[in-house]
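J.: compute the structure for the input listed below.
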Amino acid sequence: MYTPRAFAVDDLHELQQWIRQTRLAQLVTFGEQGLLASHLPLLLKPDESANGTLYGHLARANPQWLELHKGAEALVIFAGEEAYVSPSFYPAKAEHGKVVPTWNYLAVHAYGTAEVFSDAARLLNVVTALTARHEARREQPWQVSDAPADYIDGMLKAIVGFALPIERLIGKRKLSQNRSPADIAGVRDGLAASDDVRDQAIAHLIPQGVSE
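T.: Take a look at the predicted model:
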């Protein structure tokens, strides 16, 4: 990911927080079958790896797990908030007109080599933890144990788990930091006035008072 210094985020705690807030990540590998990508919910757990380890699972029928098993390096993309930035937001447009559209966004890229596993107990721990995470806000959370044990056993045979220690993290926060204070304020106000909640989310991330 191209990351100019002005947009780079190096704080590990912040990067890990972004990862945990991303409900669906993209796992990308390149191997004998070329580029492969899967959209997956993942868990981040602290451990002996300084950056933490990602846990997830793939369908056994998905050939991507074979690439992981062979040692292919993996890229995991955690895409955060994003919004289109119109040149009309910039006061500079009225001054000289030398402005073009762009996009503001948050993103984290995690790199590593995964360990693949099929152990039923270990797989059950992963799917149980993932389920608990995403059911937590429901009034009556569904649990893996709610389903018949023999059915769950069969489902576990149809997936392959992986643990991916994060070897490298790249974080990017692009919020118009390369613009003048007046233009930054214009972007914040323009996005805040939008009726699109995605635009509003980005607006709330742009610090107040940058024009002072």
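J.: for the rest of this, base every contact and every neighbour count on C-alpha atoms.
T.: Noted.
J.: need the next SSE after the helix or strand containing K172, C-terminal direction.
T.: Per DSSP states H and E, K172 falls inside strand 168-174. Using DSSP H and E, the helix or strand that follows strand 168-174 in sequence is helix 181-192.
J.: who's in contact with the residue nearest to G71 when sequence neighbours are not counted?
T.: Once flanking residues are discounted, G71 sits nearest to T113: 6.1 Å by CA to CA, 6 or more residues apart in numbering. By CA atoms under 8 Å, 6 or more residues apart in numbering, T113 lies in contact with 68, 71-74, 164-167.
J.: what of A163?
T.: 53-56, 114-116.
J.: grab the two from those that are most spread out in space.
T.: T53 and V116 (12.9 Å; CA to CA).
J.: all strands for the protein, in order.
T.: 8-9, 25-31, 34-40, 43-45, 53-59, 73-85, 102-113, 115-117, 159-165, 168-174 (DSSP state E).
J.: what is the neighbour count of the closest residue to V187 other than its chain neighbours?
T.: Nearest residue to V187, sequence neighbours excluded (CA to CA, 6+ apart): F89, at 5.2 Å. Using other CA atoms under 10 Å, F89 has 20 other residues around it.
J.: pretty sure F89 sits against A192.
T.: No. Assessed by CA atoms under 8 Å, F89 is found out of contact with A192, at 11.0 Å.
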